[in-house]
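Q: no sequence for this one, just the structure:
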């Protein structure tokens, strides 16, 4: 019971402990409590469903499922709209380029100088737009709802990846923000001492000296981390884990739902005659 409470508490604190993440998690849901490997598998399945064919129908089915499932992710949707405005803008830009450069088939819609757009190129542009959004949403959910600690536990305990490598990458990722803040503090300190301005040669020397100081600090922190990992018996046989990575019924339901959506997307594209595989058989 206490172990389940600890796992729930860990999942609920994702948005609190990672304030700099892409989209904060404001509430704990079944999707948030899923195993990180389940979330990765679910995202990969949905992305395969959108990638197999360049058509509006298959990508639209995947996109519709992703949009309907967004409330179940526990993400702050208001923050998502504010921070991810560039995604539809980028998808529109890609669609515009496709409409201009795609093969001109069907009826001519726009013919102004060098710009020639037909119904066929518009269909391809719409497919690219919907496809880009359908691919982006699962990646956003992955980046925002997976706790790096839970992911490292799952990779080590289930996929049997080397503990030292996984934990080192986890530590490096979590210390990246600290490295950036230290660089800012170092730059302000050098500016306060009058060592940051001047000619280009002086600025270059100041930059290299600051990088050297940051490198020394990083080596010291890496040494401390290596000693801590050695003291905690990382990489030794028989080591136990306080945080167990487990699978539950919700994990099976999430993977099955992703598979169903993928199959529905493929079947719908075939039934409506829009199936356009990226690899022609």
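A: On my side now, so go ahead. Values in this document were obtained by computation on a predicted structure and should not be read as measured data.

Q: can you tell me the SS state at the residue nearest the centre of the chain?
A: In the chain, the residue lying closest to the centroid (Cα atoms, centre = their mean) is residue 143, at 3.5 Å. At residue 143, secondary structure determined by DSSP: H, G, I helix; E, B strand; the rest coil is helix.

Q: residues touching residue 133, list them.
A: 63, 87, 88, 91 (Cβ atoms under 8 Å, 6 or more residues apart in numbering). The C-beta positions use only the backbone N, C-alpha and C, and glycine is treated the same way.

Q: which pLDDT value belongs to the last one?
A: In this prediction, residue 91 carries a pLDDT score of 93.

Q: chain center to the strand or helix carrying residue 79, what's the gap?
A: Following DSSP states H and E, the helix or strand that holds residue 79 is helix 77-83. Relative to its chain's centre, helix 77-83 lies at 16 Å (Cα atoms, centre = their mean, to the nearest Å).

Q: tell me the helix or strand right after it.
A: helix 86-101.

Q: list the buried ones in that following helix?
A: 91, 95, 98, 99 (16 or more other Cβ atoms under 10 Å).

Q: contact partners of that helix?
A: With Cβ under 8 Å, 6+ apart, helix 86-101 has contacts from 115-117, 121-122, 124-126, 128-129, 132-133, 136.

Q: these, buried ones only, as a PyMOL selection?
A: Provided next is the PyMOL selection string for whichever of those are buried by 16+ other Cβ under 10 Å:
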select buried, resi 117+121+122+124+125+126+128+129+132+133+136
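
Q: output the contacts of helix 86-101 in a markdown table, with pLDDT, secondary structure and distance to residue 28 appended to each entry.
A: Formatted as a markdown table, the contacts of helix 86-101 follow (pLDDT from 0 to 100; DSSP: H, G, I helix; E, B strand; the rest coil; distance: Cβ to Cβ, whole Å):
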| residue | pLDDT | secondary structure | distance to residue 28 |
| --- | --- | --- | --- |
| 115 | 85 | strand | 50 |
| 116 | 86 | strand | 52 |
| 117 | 89 | strand | 47 |
| 121 | 89 | helix | 45 |
| 122 | 90 | helix | 43 |
| 124 | 90 | helix | 41 |
| 125 | 92 | helix | 39 |
| 126 | 92 | helix | 37 |
| 128 | 93 | helix | 35 |
| 129 | 94 | helix | 33 |
| 132 | 93 | helix | 30 |
| 133 | 94 | helix | 26 |
| 136 | 92 | helix | 24 |
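
Q: from the contacts of helix 86-101, which is closest to residue 189?
A: Of all the contacts of helix 86-101, residue 136 has the smallest distance to residue 189: 39.7 Å, by Cβ to Cβ.

Q: against residue 221, how distant is that closest one?
A: For residue 136, the distance to residue 221 equals 34 Å [Cβ to Cβ, to the nearest Å].

Q: what of residue 86?
A: In terms of Cβ to Cβ, residue 86 sits 34 Å off from residue 221.

Q: and the helices in the stretch 51-200 of the chain?
A: 56-69, 77-83, 86-101, 119-145, 148-157, 163-192, 200-231 (DSSP state H, counting those that start in this stretch).

Q: mean confidence for the shortest one?
A: Throughout helix 77-83, pLDDT has a mean value of 87.

Q: nothing else from me, thank you.
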